[in-house]
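[1] 3D model of this:
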Amino acid sequence: VQLVESGGGSVQAGGSLSLSCSASRYRHCMGWFRQSPGKAREAVAAMNGGGDVYYAEPVKGRFTISRDESKNMLYLQMNGLKPEDAGLYYCAAKNGPCGFESWRREDTYNHWGQGTQVTVS
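    Okay, the predicted model is just below:
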């Protein structure tokens with residue numbers, strides 16, 4: 001499965017960006033991770049086919065994950081961006097369910113995109 005992210009860019013604090021991820025095949029669980037310089041990669045949000053969604057605490061209420069299963073697309077709408085949201089955002093996917101605990105574990109994901117950069121100043 002190939003994943004291709006798009007939509008990153010530079011924005012001022014308080015602004016918005018929308019990320020997209022195109023998947024070559026359907027996978028039940030798709031999610032977003034991010035990595036800032038000097039930090040470990042962290043889970044941002046994930047979504048099962050059928051609609052269960054999961055968010056990391058720092059982004060709740062500001063980010064919205066969504067999918068278009070007919071197009072194998074994953075989206076992340078990011079509002080109220082903060083400097084600490086900056087980083088390389090990765091799309092990830094796995095065939096099983098996201099899982100209440102496992103959704104945030106990157107070792108459970110089989111497929112990864114190359115990442116798209118988000119800069120917040």
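
[2] and the residue positioned nearest the centre of the chain, what does it touch?
    Geometric centre of the chain, nearest residue: Trp32, 1.8 Å, by CA atoms, centre = their mean. Trp32 is in contact with 19, 21, 43-46, 65, 74, 76, 89-92, counting by CB atoms under 8 Å, 6 or more residues apart in numbering. Where you see a C-beta, it was placed from the backbone N, CA and C, and this is true even at glycine.

[3] nearest residue to it other than its sequence neighbours?
    Here the nearest residue to Trp32 in space, its sequence neighbours aside, is Val44; by CB to CB, 6 or more residues apart in numbering that works out to 4.3 Å.

[4] okay, now that neighbour: neighbour count?
    Val44 has 25 neighbouring residues, counting by other CB atoms under 10 Å.

[5] one more: Glu5?
    Neighbours of Glu5 using other CB under 10 Å come to 22.

[6] work out for me the element it sits within.
    Using DSSP states H and E, Glu5 sits within strand 3-6.

[7] what's the next secondary structure element after that strand?
    strand 9-11.

[8] one step back: contacts for the strand holding Glu5 next, please.
    19-24, 89-93, 111-116.

[9] restricted to buried residues, select the contacts of Trp32 in PyMOL.
    Remark: buried members of the contacts of Trp32, expressed as a PyMOL selection using 16 or more other CB atoms under 10 Å:
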select buried, resi 19+21+43+44+45+46+65+74+76+89+90+91+92
